[in-house]
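Chemist: I need the structure of the sequence given here:
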Amino acid sequence: MAVIEMGNAAVDGTKDWNLYDQTTVSVLNPADGTGTITSVELYINNDAVGVAIIIFEEISLNHFTARCHQDIGDRAIGYHEVEVDLEVVEGDLIGIYGSGEAGRIECLDQARDVKYRAGDQTECVDAVFLVYGFDRTLSLYGTGTTEVAVKKKNVIFMGANF
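Modeler: Residues are numbered from 1 along each chain as shown. Below is the predicted model:
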């Protein structure tokens, strides 16, 4: 098994990004393998309510479909590492949703990493997301492992001695 990585380091940044009733996709570092994301790291700037982590497939420019998601509950200010079980395909992107009114995630002002859409997009299909025009790199990082294909063989036993 190989390690899969996606997203950006979860650090205390110089900027932040609203999570309240908004879904955000981190577009800079897509998944580098196919398998399962088992851990997500994030850095919350202001208490966030009803947080979900989402794996997105980019259908076309600014169009995304949610492949899967996992609710991770409310998150207080600070660094969090959370166990998850999320299917991922090479090239997929990681995203986040918060349902509360005040949640914020830390960002660095390094690169244009953010695409967003109002509301809960945890089950969206071919939804159009907006591009944020300023440098924001989300503190949201996922890791996991690739799947090892196990080939099963059919065996038939004949006779009485086996």
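Chemist: Sketch out the strands for this structure, chain order is fine.
Modeler: With DSSP state E, the ranges of strands along the chain come out as 3-7, 15-18, 22-26, 35-46, 48-60, 63-75, 78-88, 93-98, 104-108, 114-118, 127-128, 130-131, 137-138, 140-146.
Chemist: mind putting these in TSV, mean pLDDT and mean neighbour count included?
Modeler: For every residue, glycine as well, the C-beta is placed using N, CA and C. Rendered in TSV, the data for the strands of the chain read as follows (pLDDT from 0 to 100; neighbours: other C-beta atoms under 10 Å):
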stretch	mean pLDDT	mean neighbour count
strand 3-7	97	21
strand 15-18	93	20
strand 22-26	96	24
strand 35-46	97	20
strand 48-60	97	20
strand 63-75	98	17
strand 78-88	98	15
strand 93-98	98	27
strand 104-108	94	23
strand 114-118	96	18
strand 127-128	98	15
strand 130-131	95	11
strand 137-138	94	26
strand 140-146	97	21
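Chemist: Please name the bridge partners of the residue most central in space within the chain.
Modeler: For the chain, residue 94 is the residue whose C-alpha lies nearest the centre (C-alpha atoms, centre = their mean; 2.6 Å). With DSSP bridges applied, the residues forming beta bridges to residue 94 are residue 26, residue 55.
Chemist: any idea how far it lies from residue 102?
Modeler: 22 Å (C-beta to C-beta, to the nearest Å).
Chemist: got it, and residue 65?
Modeler: 29 Å.
Chemist: same question, residue 80
Modeler: Residue 80 sits 17 Å away from residue 102, going by C-beta to C-beta.
Chemist: same question, residue 68
Modeler: Between residue 68 and residue 102 the distance is 27 Å, computed by C-beta to C-beta.
Chemist: And for residue 142?
Modeler: Per C-beta to C-beta, residue 142 is found 24 Å from residue 102.
Chemist: now do residue 138
Modeler: When distance is defined by C-beta to C-beta, residue 138 is 18 Å away from residue 102.
Chemist: Residue 54 too?
Modeler: According to C-beta to C-beta, residue 54 and residue 102 sit 20 Å apart.
Chemist: Over to residue 130?
Modeler: Taking C-beta to C-beta as the criterion, residue 130 is separated from residue 102 by 21 Å.
Chemist: swap in residue 91?
Modeler: Remark: distance between residue 91 and residue 102 (C-beta to C-beta) = 33 Å.
Chemist: how close does the closest residue to residue 138 other than its chain neighbours sit to residue 1?
Modeler: Across the structure, with C-beta to C-beta, 6 or more residues apart in numbering as the measure, the residue nearest residue 138 apart from its sequence neighbours is residue 26 (4.5 Å). Applying C-beta to C-beta, the value for residue 26 to residue 1 is 24 Å.
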